[in-house]
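Q: Just to be clear, the model below is a prediction. Sequence and coordinates:
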Amino acid sequence: MDNGNMDSGARLAGSSFDELARTLPALGTPGLGLVRCQQTAGRASLTLLHSSFPLRLLTPKSHAQMYCVVYVLSFGGGLVSGDRIELAVQVVDGCTLSLLTQSSTKVFKRRPVPGAESGQALPLASLSPSAQHRQHEQQHQQHQQPDPSGADMSYQFLSGEIGPGSLLAVLPEPVTCFQDARYWQQQRFRLSPTGSLVLLDWLTSGRATRGETWQFDHYLSHNEVEIDGHGVVLRDTWLLEDEWRADHAGHAAHAGHGARAGQPRPETSYAARMGQYQCFATLILIGPVCEAVIAAAIEAAASQVIVTTGGRGSAGRALVVQPPLAWTVSHIPALAGLPSSSSSSSSSSSSSSSASTKATATAAATAGRQSRTGSIPGAIVRAAAVDTITMREFLIERLRPAVAHLGDFFSRI
């Protein structure tokens, strides 16, 4: 897969947060959100908060001095075909911002947009607001679209800028794709060398209680992290696609036959590869705030015990018993040797609204929490669990060393 062609469209791609904020009055397009968290009067506050239907942002009051939390919701309780959510956030002045959701991100069953398969342009009046904007972009900026033929896809994009000594924690509930759903997600972050990022990206097999286990058509999640002055240090992509149904004509014929016969939908091409596991998670940890979490994860991983059946496989290897939870942790190679010093690069938020002398001093003091090794700490934790409860308990344990920074994530458990 060519990750270099994964652009998030006209509204966020190639634009800094400050450029988007300056054009805010003209951003009447649906599904767009902007959030800036910075210090005012000695406390973290949200100095910019904007969202448009179907995106909704809730901001409960926080009692912590340098902490803000934003809940990301969508009207209707989920994403439908053609929905396009784009959220840009900026965290500066040594503040901490948590992005949470109240429940799982539901991606509803695919419902084709009329005429989308043939590629013909439809009258804007016949489309929903999200589809209207998407058609407009297809006509004028097709070279920036991730999938020009995917008018029935549900899209979600997140762009984050993290200043010196600041922390962005993206800790949503898992994505749950319904049968036949198509979902595309991209998340890009730019950090100061002393900024920190906690990113949780996880998904379930679907509505298992309704028999919908790994029955969605397409799921793609792409995460990208850039360090100021050092370029991109991480690209991570999840792709689950039903290859048999990727052929649209075959999919339509097969779906129609199944509907007439009243038979349950057959297993997707990727379902067998998932084994017994119903929930998968990727936890990306970067920056000085994550150092204790990374150290604890590496220590715990080293103490794992692998259980075998005593038998041998076809290649003569011992057969390993699949545990209810399987996980691993690894360092991010591109971060090795990168100095965690604010002098190595300028802050990506230096052009944002001017901060007070006290705010600058606070950010500098927070940025002083550098790695004991002098390098930027960074690791990826990957896990597979038999159910969401098991995965949630695991994630809580892994993030516990950072409880002082992630209070709202733990308080809602």
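A: Yep, that arrived. Numbers count the residues shown, from 1 in each chain.

Q: List the contacts of the nearest residue to V225 once chain neighbours are set aside.
A: Using CB to CB, 6 or more residues apart in numbering and skipping the chain neighbours, the partner closest in space to V225 is L234 (4.2 Å). Using the backbone N, CA and C atoms, a C-beta is placed for each residue, glycine as well. L234 makes contacts with N223, E224, V225, I284, I286, I332, A334, G378, I380, as judged by CB atoms under 8 Å, 6 or more residues apart in numbering.

Q: Assign D18 to one of the three secondary structure states.
A: helix (DSSP: H, G, I helix; E, B strand; the rest coil).

Q: Paired strands for the helix or strand containing the residue nearest to V225, with orientation please.
A: Using DSSP states H and E, L234 sits in strand 231-241. In the sheet, strand 231-241 lines up against strand 218-227 (antiparallel) (DSSP bridges).

Q: hmm, back to that, tell me the least confident of the contacts of L234?
A: Minimum pLDDT across the contacts of L234 is recorded for A334, with 92.

Q: quick one: that one is in a strand?
A: No. Counting by three-state DSSP, A334 is not found in a strand; it is helix.

Q: does it really touch V233, like I thought?
A: Yes. A334 is within contact range of V233, at 3.8 Å (criterion: CB atoms under 8 Å).

Q: Correct me if wrong, but T29 is in a strand.
A: No. T29 is assigned coil when assessed by three-state DSSP, not a strand.

Q: measure it to Q187 for me?
A: In this view, T29 and Q187 are 20 Å apart by CB to CB, to the nearest Å.

Q: Which residue of those two possesses the greater neighbour count?
A: Q187 (21 against 17; other CB atoms under 10 Å).

Q: Contacts only, for that one.
A: Per CB under 8 Å, 6+ apart, neighbours of Q187: F157, L158, S159, G160, V170, L199, D201, S221, H222, N223, E224.

Q: same thing but 7 Å
A: L158, L199, N223 (CB atoms under 7 Å, 6 or more residues apart in numbering).

Q: so how far is Q276 from it?
A: 28 Å.

Q: Now stretch 94-108: buried residues?
A: Judged by neighbour count using 16 or more other CB atoms under 10 Å, the buried positions of stretch 94-108 are 94-101, 104-108.

Q: Point out where this protein drops to low pLDDT.
A: 1-15, 23-28, 112-150, 245-265, 308-320, 341-374, 408, 411-413 (pLDDT under 70).

Q: can you give me the helices in this structure?
A: Along the chain, the segments classed as helices by DSSP state H run 17-22, 129-140, 243-246, 248-261, 291-302, 357-367, 388-399, 407-411.

Q: Can you dump the C-alpha atoms of the fifth one in CSV for me?
A: Coordinates of the C-alpha atoms in helix 291-302 are reproduced here as CSV (Å, rounded to 0.1, in the frame of the first residue of the first chain):
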residue,chain,number,x,y,z
GLU,A,291,8.4,7.0,29.7
ALA,A,292,7.1,5.2,32.8
VAL,A,293,4.3,3.5,30.8
ILE,A,294,6.8,2.3,28.3
ALA,A,295,9.2,1.0,30.9
ALA,A,296,6.4,-0.9,32.7
ALA,A,297,5.2,-2.4,29.5
ILE,A,298,8.6,-3.7,28.5
GLU,A,299,9.1,-5.2,31.9
ALA,A,300,5.7,-6.9,31.8
ALA,A,301,6.3,-8.2,28.3
ALA,A,302,9.5,-9.8,29.4
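
Q: who touches that helix?
A: L285, T328, V329, S371, P377, A379, V381, R398, L399, P401, A402.

Q: Recalculate using a threshold of 10 Å.
A: Outside helix 291-302, the residues that touch it by CB atoms under 10 Å, 6 or more residues apart in numbering are 196, 198, 283, 285-287, 290, 327-332, 340, 369-373, 376-381, 394, 397-406.

Q: Give me the buried entries from those.
A: For the contacts of helix 291-302, a burial check counting by 16+ other CB under 10 Å picks out 196, 198, 283, 285-287, 290, 327, 329, 332, 340, 370-371, 376-381, 394, 398-399, 401-402, 405-406.

Q: quick one: which of the residues you listed sit in strands?
A: Members of the buried ones among the contacts of helix 291-302 lying in strands (criterion: DSSP state E): S196, V198, L283, L285, I286, W327, V329, G378, A379, I380, V381.

Q: Can I get those residues in TSV including distance to E267?
A: Shown next, in TSV, are those (distance: CB to CB, whole Å):
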residue	distance to E267
S196	41
V198	35
L283	29
L285	35
I286	37
W327	26
V329	31
G378	37
A379	34
I380	29
V381	29
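
Q: of all those residues, which two lie farthest apart?
A: S196 and W327 (21.7 Å; CB to CB).

Q: Any figure for the gap between S81 and F53?
A: Following CB to CB, the distance that separates S81 from F53 is 16 Å.

Q: quick one: buried residues of stretch 298-306?
A: When neighbours are counted by 16+ other CB under 10 Å, no buried residue of stretch 298-306 is found.
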